[in-house]
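**Student:** have a look at this fold, sequence not included:
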């Protein structure tokens, strides 16, 4: 039995997106560790500011996941192979980076870099594709 590209890309795209989302939830529930990694031992005056920054990055990540899942589950970008492949690579890199982020207790600012390349970039591409298909009637098939 042969498999088409869509038979492999669709489940992989969905699973990597969900796994990246779950890993982001893990960071949210343990964010105190990463905020404290950024603070000097004797000083905790910046804690609220750092915590708000990490919380904002996590919230923006969830918005990006919502954008990507809306495009996938609506079927608008479901069969776009180039975008699907990029999303799989980005989310896989995000999962691996977040695993190290959690295990090593990295500085909270590193999450902003992970967010930029592994969440924001795919969401921007997804937004562009959604606009092309819905507003400009560009057919993806």
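**Tutor:** Arrived safely. Since we're looking at a predicted model, the values are computed, not measured. Numbering: from 1, shown residues only.

**Student:** in this protein, which helix is the longest?
**Tutor:** For the chain, the helix that runs over the most residues, judged by DSSP state H, is helix 47-74.

**Student:** buried residues in the helix or strand following that one?
**Tutor:** Following helix 47-74 in sequence order, the next helix or strand is helix 81-104 (DSSP states H and E). Neighbour counts using 16 or more other Cβ atoms under 10 Å place 83-84, 86-88, 90-92, 94-95, 97-98, 101 of helix 81-104 among the buried residues. (Glycine included, C-beta is placed from N, CA and C.)

**Student:** and the longest helix of the chain with helix 81-104, angle?
**Tutor:** If you take axes from the mean of the first three to the mean of the last three Cα atoms, to 10 degrees, helix 47-74 sits at 150 degrees to helix 81-104.

**Student:** who does helix 47-74 touch, helix- and strand-wise?
**Tutor:** helix 5-29, helix 31-37, helix 110-115, helix 121-134 (3 or more Cβ pairs under 8 Å, 6 or more residues apart in numbering; DSSP states H and E).

**Student:** I am finished for the moment; much appreciated.
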